[in-house]
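Student: sequence? don't have it. structure:
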C-alpha cells in the first residue's frame, strides 16, 4: 500500500508555507488534510481558495452545511464528514441538522430538503439535471446563482473527498469525536 506523506511546517514546500501558517493561526493546528495536500501546493491552494469562495456564497451556514455534508456522505468521505461536523458546530448549525445529514435522514424544512435533493441530483447525474429538477429547486426558493454555488461547493468537495480516498487521510484528533461510517 502506498502511504501518502502528511507534511508539517518543516517538510512542506515553500509554496505552501503561507497556507500552513494561516491554518495554524486560525485553527491552532495544521489539519491532516492540509498536510496531505501539502505534497501538491497547487492542489492545496486550489482547495483553500475554493473553500474561501464557497464561504462567501449567498448560502446561510445551514445551507452550506447541507451542500458540504450531502456531498461528503454521498462520496463516503471518512475524513470530511467528521471535519464538517466540527465545522458546523463552530458555525452554530443545529446539531440535529448535522446528524440528519450524517444519517441520510430528512431535512427539518422543505427548503433544506430541496437543497439536499438538488445537490445530490447534481452529484449523481454529473450536472445533467432535468428541467423538472431545476424547476423544483427554483420553486423551493432557490435561484440560478444557487445552482452555480452548489457546483462551486462540489468542486471543493471533489478535491478533498478524492484526496482523502486515495491518501486515506487520518482524521485529526479534534474531529475524532465526530467519527463517521456509512450505514
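Tutor: Received the coordinates, thanks. Remember, it's a predicted structure, so these values are computed and weren't measured experimentally.
Student: what pLDDT, on average, does stretch 37-54 get?
Tutor: This predicted structure assigns stretch 37-54 an average pLDDT of 97.
Student: The residue nearest the centre of the chain and residue 135, how far apart?
Tutor: In the chain, the C-alpha nearest the mean C-alpha coordinate belongs to residue 68, at 4.1 Å (CA atoms, centre = their mean). With distances taken as CB to CB, to the nearest Å, residue 68 is found 25 Å from residue 135. Yep, even glycine has a C-beta here, placed from its N, CA and C like the rest.
Student: Next: residue 101.
Tutor: Applying CB to CB to residue 101 and residue 135 gives a distance of 24 Å.
Student: Which one's more surrounded, these two?
Tutor: In this view residue 101 and residue 135 are compared by other CB atoms under 10 Å, and residue 101 has more residues nearby, 25 against 10.
Student: hang on, that one packs against residue 67?
Tutor: No. Between residue 101 and residue 67 no contact is recorded; they are 10.0 Å apart, counting by CB atoms under 8 Å.
Student: Which parts of the helix or strand containing residue 36 count as buried, going by neighbours?
Tutor: According to DSSP states H and E, residue 36 maps onto helix 32-37. Along helix 32-37, these residues count as buried under the neighbour rule (16 or more other CB atoms under 10 Å): 32-37.
Student: Excluding residues flanking it in the chain, which one is nearest residue 92?
Tutor: Distance criterion CB to CB, 6 or more residues apart in numbering; nearest residue to residue 92, sequence neighbours excluded, is residue 61 at 6.8 Å.
Student: Check residue 55 too.
Tutor: Leaving aside its sequence neighbours, residue 55 is closest to residue 64 (7.2 Å, by CB to CB, 6+ apart).
Student: And residue 93, by the same measure?
Tutor: For residue 93, the closest residue by CB to CB, 6+ apart turns out to be residue 65, at 4.9 Å.
Student: swap in residue 46?
Tutor: Computed as CB to CB, 6+ apart, the closest residue to residue 46 that is not its neighbour in sequence is residue 159, at 6.4 Å.
Student: Correct me if wrong: the one you found contacts residue 44.
Tutor: No. Residue 159 is not in contact with residue 44 according to CB under 8 Å; the separation is 9.3 Å.
Student: So those two - more neighbours on which side?
Tutor: Just comparing residue 159 and residue 44: by other CB under 10 Å the higher neighbour count belongs to residue 44, 26 against 19.
Student: which residues are contacting the helix or strand containing that one?
Tutor: Element membership for residue 44, per DSSP H and E: helix 41-55. By CB atoms under 8 Å, 6 or more residues apart in numbering, the residues outside helix 41-55 that reach it are 12-13, 15-16, 19, 34, 37-38, 64, 67, 149, 152-153, 155-156, 159-160, 163.
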